[in-house]
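**Q** Based on what follows, work out the 3D shape:
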Amino acid sequence: MKTRMGIALLAMGGLILALYLTLYKMGMIGELTCTVGSCETVQLSKWATFLGLPVALWGVGAYLAVLGLALVGLQPAWLESRGISWLLVGLNTWNVAFSAWLTYLELFVIDAICMWCVISAVLMVIILGLSLMDLRAVRGLPLAPDHR
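**A** Sure thing, here's the model as predicted:
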């Protein structure tokens, strides 16, 4: 399924982005490259930590989960699995909602925008769109293969 491959590729890109922000937050990268916005202001705010962990690390987990589901869904035994499609839609709906909350905080509480966070949020929206396309495609398949 092309949509699941697209989801996997976008999740890999998001994973790299989230790892970059996590390494910065953990002090392993000295300076954050940010050509648009105020990434350091966002990353150093109290809102950059959630339940004791960097928000970016939660992003690593989210992208890993999406990547794992998409890759499992590409295996022949799971290629037409409606369960995988529903899991992708559910997980990515949560991811978009969480990204929307973080974007709200950037705009109205922190008063700063992180270009990397915006890119991550856009990736999450695109991944959700692909997940919905995947669900639509899988729902259109017959429940059992036709062996005529």
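
**Q** Distance-wise, check S99 relative to A62.
**A** Taking CB to CB, to the nearest Å as the measure, S99 falls 9 Å from A62. Placement of C-beta: from N, CA and C, glycine included.

**Q** what touches both of these two?
**A** M124 (CB atoms under 8 Å, 6 or more residues apart in numbering).

**Q** Give me the distance between N92 and S99.
**A** N92 is 10 Å from S99, by CB to CB.

**Q** got the buried residues for the helix or strand containing V138?
**A** Take DSSP states H and E as the rule and V138 turns out to sit in helix 115-139. By 16 or more other CB atoms under 10 Å, the buried positions in helix 115-139 come out as 116-118, 120-121, 123-124, 126-128, 130-135, 138.

**Q** For it, what is the distance to the chain centroid?
**A** 8 Å (CA atoms, centre = their mean, to the nearest Å).

**Q** which other helices and strands contact that helix?
**A** Counting contacts by 3 or more CB pairs under 8 Å, 6 or more residues apart in numbering; DSSP states H and E, helix 115-139 is packed against helix 2-25, helix 39-43, helix 55-73, helix 82-105.

**Q** The same query, at a cut-off of 6 Å, please.
**A** Under the contact definition 3 or more CB pairs under 6 Å, 6 or more residues apart in numbering; DSSP states H and E, helix 115-139 sits against helix 2-25, helix 82-105.

**Q** Name the residues that touch it?
**A** Residues outside helix 115-139 that contact it (CB atoms under 6 Å, 6 or more residues apart in numbering): 3-4, 6-7, 10, 14, 17, 21, 34, 36-37, 39, 80, 82, 85, 88-89, 92, 95-96, 99, 103.
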